[in-house]
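Asker: I need the structure of the sequence given here:
(4 chains)
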There are 2 protein chains.
Amino acid sequence: MAEHVEKQITDSEWEVMRVVWAQKHVTSKEIIEVLEKKMSWKPATTKTFIGRLVKKGMLSTEAEGKKFIYSANVVEGDVIRETLHDLLDHICDRDVGNTIGTMITQATLSVQDIENLKKILEMKESEAVEDIPCTCTPGQCRCQDHSCGSRH
Amino acid sequence: MAEHVEKQITDSEWEVMRVVWAQKHVTSKEIIEVLEKKMSWKPATTKTFIGRLVKKGMLSTEAEGKKFIYSANVVEGDVIRETLHDLLDHICDRDVGNTIGTMITQATLSVQDIENLKKILEMKESEAVEDIPCTCTPGQCRCQDHSCGSRH
DNA sequence: ATTTTAAGTTTACAATCGTAAACGTTTTAT
DNA sequence: ATAAAACGTTTACGATTGTAAACTTAAAAT
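Answerer: Next up is the predicted model:
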């Protein structure tokens, strides 16, 4: 599992994928209905995105009976992971911890979530490093100049 | 602080912004040099992105002496927050906790980071909810059908 | 003072994206 | 059996993005 998703998906395509992920296999009619409601897209618009996703290899079609049934070729988690990875590519490694902190601060979490996260953090403790090296390109981060704490 | 950043920035533009954020004010020459090295961009390419960022209002120019000095109109943290927010827009509220978990799992964290995050989590505990309501559009998430745990 | 050089601005151009109509087939309803 | 509806495919078209050359003007070097 955890296939590497090379292809990025756009915001609009993501809307379509969510419908497919939510059901296991869907017809275009269902996708169109959901997004007509949510996004106010004309049926033609949704059709375009479906077509592009099929071309990109994100969706599979199988003629079930007479019409097409769509199913996803990538799992939601992988797309999320890939997106997060892209974001982390834009920030200094030393700043990742703070960014996660921001996320936690802004999120609504359940007691269960917090429980889980605490557990994950504890496991992380074993491999925690004293000082994270900055691997930024010189000129794109202050860490090189003077030893900066995180979140400059 | 924490201005709302309406304008999205593209990956390429982000590269430019990082150079500006790293120094407080830079000349185009410096930006060009850094990105010629890192991205193998021709000077003209970097110039284009600088121009677009100025037009978008992300960068300010002030003629210091004879030439221009660029400085950022948005802080890095806000752009990061905005990007994270956009990502969260694509996933079910009930799944945010897990997504953060994924992030923590994949990140390299320092002992200090873990310490901080634990503290944040503890503070979060007070406002932790028992069950996070799913606010997804019907048809884009399974939570509606049957009570699903997070990460379906 | 002229020529070079550097900086900023314009123009270019293909690829992708958002948005959608039009078209060709196949089903389904009349 | 025909007409109408539905589905997938093509075509369209302006906006944004990545990539960069060309142009203009001002500064620096000779």
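Asker: contacts, neighbours, all on C-alpha from now
Answerer: Fine.
Asker: and the contacts of the helix or strand of chain A with the lowest mean pLDDT?
Answerer: Per-element confidence for chain A was summarised using mean pLDDT, DSSP states H and E. The lowest value among helices and strands belongs to strand A:59-64, with a mean of 88. With contacts defined as C-alpha atoms under 8 Å, 6 or more residues apart in numbering or on different chains, strand A:59-64 is touched by A:Ile50, A:Leu53, A:Val54, A:Phe68, A:Ile69, A:Tyr70, A:Ser71, A:Ala72, A:Asn73, A:Val74.
Asker: tell me how many other residues crowd A:Ile100.
Answerer: Look at A:Ile100: counted by other C-alpha atoms under 10 Å in any protein chain shown, it has 19 neighbours.
Asker: please apply the same query to A:Ala63.
Answerer: A count of nearby residues for A:Ala63, using other C-alpha under 10 Å, gives 9.
Asker: A:Gln106 now?
Answerer: The local packing count at A:Gln106 equals 12, with neighbours defined by other C-alpha under 10 Å.
Asker: which residues touch it?
Answerer: Applying C-alpha under 8 Å, 6+ apart, no residues qualify as near A:Gln106.
Asker: biggest helix in chain A, by residue count?
Answerer: If you go by DSSP state H, chain A has its longest helix at helix A:111-126.
Asker: is any part of that helix close to chain B?
Answerer: Yes - Helix A:111-126 comes into contact with chain B (C-alpha under 8 Å from any C-alpha of the partner chain), by way of A:Val111, A:Gln112, A:Asp113, A:Ile114, A:Asn116, A:Leu117, A:Lys118, A:Ile120, A:Leu121, A:Lys124, A:Glu125.
Asker: just put these in a markdown table and tack on neighbour count and pLDDT.
Answerer: As requested, those are exported to a markdown table (neighbours: other C-alpha atoms under 10 Å in any protein chain shown; pLDDT from 0 to 100):
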| residue | neighbour count | pLDDT |
| --- | --- | --- |
| A:Val111 | 17 | 97 |
| A:Gln112 | 14 | 97 |
| A:Asp113 | 26 | 98 |
| A:Ile114 | 22 | 98 |
| A:Asn116 | 15 | 97 |
| A:Leu117 | 23 | 98 |
| A:Lys118 | 19 | 98 |
| A:Ile120 | 15 | 98 |
| A:Leu121 | 20 | 98 |
| A:Lys124 | 20 | 97 |
| A:Glu125 | 16 | 96 |
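Asker: for the residue nearest to A:Gly57 when sequence neighbours are not counted, what are phi and psi?
Answerer: Closest residue to A:Gly57 in three dimensions, ignoring its sequence neighbours and counting by C-alpha to C-alpha, 6 or more residues apart in numbering or on different chains: A:Asn73, at 7.1 Å. Dihedral angles of A:Asn73 (phi, psi; degrees, to the nearest 10) stand at phi -100, psi -10.
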